[in-house]
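Participant: Fold the following.
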Amino acid sequence: QEQLVESGGGWVQTGGSLNLSCVDPESTLSIFSMGWFRQAPGKEREFVASATFVGDVRYGRSVKGRATISRDDAAKSVYLHLNNVKPEDTAIYYCNARVDGKIDGQVSGPYWGRGTPVTVSS
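Facilitator: This is a model prediction of the structure:
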């Protein structure tokens, strides 16, 4: 059973940057894809970014050009860097993992973290 733990959320000023981390400390599996989703109050969950074991990265439309996802498989971790943040980036950010396939705007994995909140102040 994968147990994802996010960290790095908090308050960020508009125009600043944020760095989120997700670790799966108990993982004994080779996780093919790890990624990030977010959900703002009153809105649907939104795909942010994903990275596969073989280096394929994908970004959601609203963060493309501002986000960088990376993973460290030795550390069982995935990271998200988002720069030039905007108030609309305010959301709870969730880590997601899928053992056997890709993660993107249409497909997510079965493993989720509890989320880390990010608030962007104007």
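
Participant: Any idea which residue is closest to the centre of the protein?
Facilitator: The structure's the chain has its C-alpha centroid closest to residue 36; by C-alpha atoms, centre = their mean the separation is 2.2 Å.

Participant: Please verify my assumption that that one contacts residue 45.
Facilitator: No. The pair residue 36 and residue 45 does not pass the contact test of C-beta atoms under 8 Å, sitting 10.8 Å apart. Backbone N, C-alpha and C define where each C-beta goes, glycine included.

Participant: Common neighbours of these two, please.
Facilitator: With contacts defined as C-beta atoms under 8 Å, 6 or more residues apart in numbering, the residues adjacent to both residue 36 and residue 45 are residue 94.

Participant: who are the neighbours in contact with residue 97?
Facilitator: Contact criterion C-beta under 8 Å, 6+ apart gives 2, 4, 24, 31, 33, 34, 35, 103, 109, 111 as the residues in contact with residue 97.

Participant: Now for the third one, how many residues are close by?
Facilitator: In other words, residue 24. Other residues near residue 24 number 21, with proximity taken as other C-beta atoms under 10 Å.
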